[in-house]
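In: turn this into a structure:
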Amino acid sequence: MTATTLVVDQSLKSGRRKGVGSTVFAIALWACLAIICAFLFFVLAVIVQKGLARFDPNLVTEHPSRLRPDTSGVKSALFGTIWIMVLTALIALPLGIAAAVYLEEYADGTRWWNRLIELNIQNLAAVPSVIYGILALGFVVRGPLSIGAVLLAGAIALALLILPVVIITCREALRSVPSEIRSGSLALGATQWQTTWKQVLPAAVPGIATGSILALSRAIGEAAPLLLVGATTFLTFNPDGVFSRYTVLPTQIFSLVPLDRVEFRDLAYSTILLLIIVLLVMNALAIWLRNRYQRQW
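Out: Predicted coordinates:
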């Protein structure tokens, strides 16, 4: 047997071993995916089955009640969620978009402070949400601002939570705009601000909108930071301003789940189902905006 034949045989055997290993690894990955999907579908099926028992108009038209659990609802939590999401968007989105524009269009990447800012933003995106609650508790609820456990404090905590995500997604949207758009605008005599405002930002709107909605989708399901900054678990009135007491859907679920009576557990499942529907609508809107307005450069 020649040396060439031996080399070919060894290559074939090595290729077969690699092929078998790749197949086993792929089967293991698909098995893990199937197990995760099975658990997910099981949980969703239980939520839908038990949540439909109380998924009626009373769920969104009635306030929580310990005396009338059969007809109680989560009206105050729903209105509190709407209030806090609007405030969170008003705080986080302008700051996040402005920071993304500065870092992507104006900042000098060779300066150490700009690199430090970028590094911290990337690290803050992975910080647990409870840390932002502790930060808001120390500096907003108490601390220097001392505004108390009011709706504005919860909105600030959630705005801090999603701000790094908004900045990162907005930077990616701005980065997707071809540099030729900027060069052409500057060549025609436009200033850098005119180029950014008239050309770059309009072209990046689909990506910015998608990232912002997904960031708000994360915020709407958070309970830990809001519990730390004083979100009430049981409230029988709607918030009437930014300095009002409040509750939200996640904290309402947190308070309903441990209760012993079956009526309260059915109400908890219905509230979970309502929150899932809201999240699905927000994510569907983000996908529609991306597909509807995305440009192919």
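
In: distance from stretch 130-145 to the middle of the chain?
Out: Centroid displacement of stretch 130-145 relative to its chain, using CA atoms, centre = their mean, to the nearest Å, is 21 Å.

In: hmm, I typed the wrong one, I wanted stretch 182-196.
Out: For stretch 182-196, the separation from the chain centroid amounts to 34 Å (computed by CA atoms, centre = their mean).

In: please apply the same query to stretch 163-183.
Out: Using CA atoms, centre = their mean, the distance from the centre of stretch 163-183 to the centre of the chain it belongs to is 19 Å.

In: what strand or helix carries the residue nearest the centre of the chain?
Out: For the chain, residue 218 is the residue whose C-alpha lies nearest the centre (CA atoms, centre = their mean; 2.3 Å). Taking DSSP states H and E as the criterion, the element that holds residue 218 is helix 201-220.

In: in that helix, what counts as buried?
Out: Of the residues in helix 201-220, those buried by neighbour count under the rule 16 or more other CB atoms under 10 Å are 201, 203-204, 206-217, 219-220. For the C-beta atoms, the positions are set from N, CA and C on the backbone; glycine is no exception.

In: any low-confidence regions in this protein?
Out: By pLDDT under 70, the weakly predicted segments of the chain are 1-19, 296-297.

In: so where do the helices sit in it?
Out: 3-51, 58-61, 75-101, 112-124, 129-136, 151-175, 179-187, 192-195, 201-220, 224-228, 249-256, 262-293 (DSSP state H).

In: and the third one, what other elements does it pack with?
Out: What it means is helix 75-101. Contact partners of helix 75-101 among helices and strands, from 3 or more CB pairs under 8 Å, 6 or more residues apart in numbering; DSSP states H and E: helix 58-61, helix 151-175, helix 201-220, helix 249-256, helix 262-293.

In: centre of the chain to that helix, how far?
Out: Here helix 75-101 shows a centroid-to-chain-centroid distance of 12 Å under the convention CA atoms, centre = their mean.

In: the second one now?
Out: For helix 58-61, the distance between its averaged C-alpha position and the chain's averaged C-alpha position is 26 Å (CA atoms, centre = their mean).

In: so what touches it?
Out: Under the contact criterion CB atoms under 8 Å, 6 or more residues apart in numbering, helix 58-61 has outside partners 71, 72, 73, 74, 75, 78, 267, 270, 271, 274.

In: again, only this time at 7 Å
Out: Residues from elsewhere that reach helix 58-61 (CB atoms under 7 Å, 6 or more residues apart in numbering): 71, 73, 74, 75, 78, 270, 274.

In: who wins for neighbours among the residues you listed?
Out: Of all the contacts of helix 58-61, residue 74 has the most neighbours under the rule other CB atoms under 10 Å, reaching 29 neighbours.
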